[in-house]
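Participant: need a 3D model of the sequence below.
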Amino acid sequence: MPVSRRDTIRLLGAGALAGMVPRIGRAEARRDLYDIGRFGNVRILHQTDVHAQAEPLFFREPSANIGLGAAKGRPPHLVGTAFLDYYGLARGSRSSYAFTDLDFDEAAHRYGRMGGLAHIKTLIDRFRAEAGAGNTLLLDGGDLWQGSALANRTEGAAILELANLLGIDAMTGHWEFTYGEASLRRAIAAFKGAFLAQNVFLTDEAAFNGAASFDPASGRVFRPYIVKSVGGASIAVIGQAFPYTPIAHPRRFVADWSFGIREAELQKVVDEARGKAHADIVLLLSHNGMDVDLKLAGRVRGIDVILGGHTHDAVLKPVAVANAGGRTLVTNAGSNGKFLAVLDLDVAGGRLKDVRYSLVPVFANLVAPDAALEKRLQVLAAPQAAALAEKLCDTQALLYRRGNFNGTMDQVICDALRQELGAEIALSPGFRWGPSILAGAAITMGDLMAETAITYPDVYVQDMSGAALKAVMEDVCDNLFNPDPYLQQGGDMVRIGGMDYACTPGNSMGRRISALTLDSGKPVEAGKTYRVAGWASVTRPQQGRPVWDVVAAYLRRAPTLRLAKLNQVRLHGVGGNPGYGAA
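Facilitator: Numbering: from 1, shown residues only. Okay, the predicted model is just below:
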């Protein structure tokens with residue numbers, strides 16, 4: 001499918017594509033940033049990676065999202081000024097604040113919080129009404145039910161109730177699986193939309209034992225796709241759950257299920273949707289991560305648009321990828337409730353004629369919250385409200401998480417683990433969710449839970465040799481920078497406290513990590529044993545305290561948090577890389 005100048009991407013707060021209009025675009029100057037107009041006959045609304053962030057928040061985009069090889073200098077691997085230049089955006093604008101880390105603390109005070117499910121609901125209703133009755137589908141790309149105290153306490157049920165108020169038609173999953181099979185099945189039964197995942201099958205043993213599945217003949221656990229009549233066209237939506245769920249999380253949560261990208265099975269589903277189901281348009285609702293989706297788009301024919309998630313990339317313009325069937329557009333719609341994507345399709349004669357795409361930043365001070373959803377949220381949150389409002393301390397530093405290598409919030413977690421557990425070194429997983437906390441603000445228990453609320457939160461301490469520590473770091477780094485996108489799992493680098501090191505992302509496996517040095521200045525020796533603390537272990541039994549209790553105890557000891565040291569990663573071979581900006 002060719003992408004012509006008519007495939008104009010209307011960028012909310014962005015104006016238009018780089019080189020086609022002045023840097024300060026017309027959309028930025030409009031009084032109503034959400035007046036996107038109507039186009040075509042089919043409207044698809046897409047959100048992803050909300051991570052149960054039901055209230056408006058601050059969230060700093062990464063200053064490091066490094067792309068190598070063919071990915072260098074291409075979306076999604078653009079940050080800071082490189083991002084602004086690529087899309088023709090002005091520094092200091094609302095768009096700069098929404099899509100980059102630049103001047104974040106100052107811009108956050110100017111433009112305010114973003115997201116919030118009640119505010120998103122208002123926009124959803126507006127965009128649905130604008131498109132006309134029966135012309136819209138609302139899709140969620142997964143990581144919706146996990147990431148906050150409210151989600152954890154209710155095993156996702158409270159967030160699912162709010163999702164039903166949003167009117168989600170279909171979704172796929174990732175962190176949802178970490179509630180375990182029984183909880184997930186209860187949630188799916190309560191979900192008013194369709195839970196889709198073409199790439200999850202029963203293991204051989206589970207199939208032999210007659211485990212529950214959507215299709216016993218194939219062993220497919222969940223419905224692979226739906227077909228809906230929208231705007232007079234037949235629209236197929238295929239679900240693609242996170243392929244590496246049993247690797248990235250404890251296997252016990254999905255003991256009877258096998259995952260994977262499953263190209264061949266996906267091609268069969270696409271062919272069936274176009275043939276037997278007579279779909280005019282095929283959409284893939286994906287939680288692969290954008291680099292995986294870009295590769296997949298070149299290898300599977302017949303998909304019109306991939307609506308992507310998992311890697312939390314806010315990508316303004318769909319990327320067109322050629323394949324044997326023509327072309328597929330690949331998108332990714334950000335995270336934490338900051339954005340709502342609007343994909344408008346002009347479908348006629350059984351084919352896609354034209355496309356318009358808007359990635360809409362959700363500014364909480366520009367969008368009134370939906371009263372009914374906000375009221376229900378308050379009721380659901382009430383049992384925990386007092387405990388979560390507890391002030392732990394104030395912070396002198398901007399606390400954030402997202403970025404390939406380090407984040408100040410992760411430094412706080414590592415510092416707490418080291419001090420509370422008596423360890424020399426601490427490890428914290430490179431999760432990409434969790435709100436930012438502005439300098440001078442209070443840190444509450446609710447804030448802390450929004451950084452740590454998972455179903456395997458226990459802390460641990462173990463003795464590790466320097467060689468074993470380096471091997472762990474090399475393995476995680478390979479998940480991030482392996483030249484084959486299908487071997488990347490989409491997280492960020494494990495965070496390290498108490499130690500600095502060097503990294504050469506472009507090197508091969510086993511040769512990326514070097515110069516490991518303790519805070520004392522002593523080098524880490526391969527044959528020496530070190531006391532290492534961590535949390536969220538995928539393989540260890542869960543027998544320790546939950547990480548939020550440990551970090552809360554650390555924060556309560558001082559009225560004001562000061563970061564004495566931010567452990568550093570010295571990067572080699574990334575000079576001039578558009579995916580690497582100032583921290």
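Participant: mind listing the strands for the stretch 51-200 of the chain?
Facilitator: 136-140, 170-171, 194-195 (DSSP state E, counting those that start in this stretch).
Participant: the stretch 401-550 of the chain now?
Facilitator: Going by DSSP E, counting those that start in this stretch, the stretch 401-550 of the chain shows strands at 425-430, 442-444, 459-465, 492-497, 499-503, 513-518, 529-535.
Participant: could these go into JSON lines alongside mean neighbour count, mean pLDDT and distance to Arg351?
Facilitator: (Glycine included, C-beta is placed from N, CA and C.) Output for the strands of the stretch 401-550 of the chain, formatted as JSON lines (neighbours: other CB atoms under 10 Å; pLDDT from 0 to 100; distance: least, CB to CB, whole Å):
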{"stretch": "strand 425-430", "mean neighbour count": "25", "mean pLDDT": "96", "distance to Arg351": "42"}
{"stretch": "strand 442-444", "mean neighbour count": "18", "mean pLDDT": "98", "distance to Arg351": "52"}
{"stretch": "strand 459-465", "mean neighbour count": "17", "mean pLDDT": "97", "distance to Arg351": "55"}
{"stretch": "strand 492-497", "mean neighbour count": "24", "mean pLDDT": "96", "distance to Arg351": "40"}
{"stretch": "strand 499-503", "mean neighbour count": "20", "mean pLDDT": "98", "distance to Arg351": "47"}
{"stretch": "strand 513-518", "mean neighbour count": "16", "mean pLDDT": "98", "distance to Arg351": "50"}
{"stretch": "strand 529-535", "mean neighbour count": "23", "mean pLDDT": "98", "distance to Arg351": "51"}
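Participant: of all those, which lies closest to Thr136?
Facilitator: strand 492-497 (33.9 Å; CB to CB).
Participant: what packs against that closest one?
Facilitator: helix 408-421, strand 425-430, helix 466-481 (3 or more CB pairs under 8 Å, 6 or more residues apart in numbering; DSSP states H and E).
Participant: of all the ones you listed, which lies closest to Gly73?
Facilitator: Short answer: helix 466-481, nearest of the helices and strands packed on strand 492-497 by CB to CB, at 15.6 Å.
Participant: around Ala236, how many other residues sit close by?
Facilitator: If you count neighbours by other CB atoms under 10 Å, Ala236 ends up with 25.
Participant: secondary structure element for it, which one?
Facilitator: Ala236 belongs to strand 233-240 when assigned by DSSP states H and E.
Participant: who are the contact partners of Gly67?
Facilitator: 73-74, 76-77, 577-579 (CB atoms under 8 Å, 6 or more residues apart in numbering).
Participant: what does Met493 give?
Facilitator: Met493 neighbours (CB under 8 Å, 6+ apart): 404-406, 430, 473, 476-477, 480, 503, 569.
Participant: do Ala397 as well
Facilitator: 408, 439, 561-563.
Participant: same check, this time on Arg60
Facilitator: 101, 104, 398, 400, 402, 436.
Participant: pull the most distant pair out of the residues you listed.
Facilitator: Maximum distance among the contacts of Arg60 (CB to CB): 12.3 Å, for Leu398 and Arg402.
Participant: the more surrounded of the two?
Facilitator: Arg402 (25 against 19).
Participant: looking at the chain, which helix or strand is least sure?
Facilitator: helix 26-29 (a mean of 46; mean pLDDT, DSSP states H and E).
Participant: helix or strand right after that one?
Facilitator: Downstream of helix 26-29 (by DSSP H and E), the next one is strand 42-47.
Participant: keeping just the C-alphas, turn that next one into PDB.
Facilitator: Only the C-alpha atoms of strand 42-47 are listed here, as PDB (Å, rounded to 0.1, in the frame of the first residue of the first chain):
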ATOM      1  CA  VAL A  42     -13.500   4.200   9.700                       C
ATOM      2  CA  ARG A  43     -11.900   5.500  12.900                       C
ATOM      3  CA  ILE A  44      -9.700   3.400  15.100                       C
ATOM      4  CA  LEU A  45      -8.700   4.700  18.600                       C
ATOM      5  CA  HIS A  46      -5.700   3.100  20.100                       C
ATOM      6  CA  GLN A  47      -4.100   3.300  23.600                       C
END
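Participant: sounds good, over and out.
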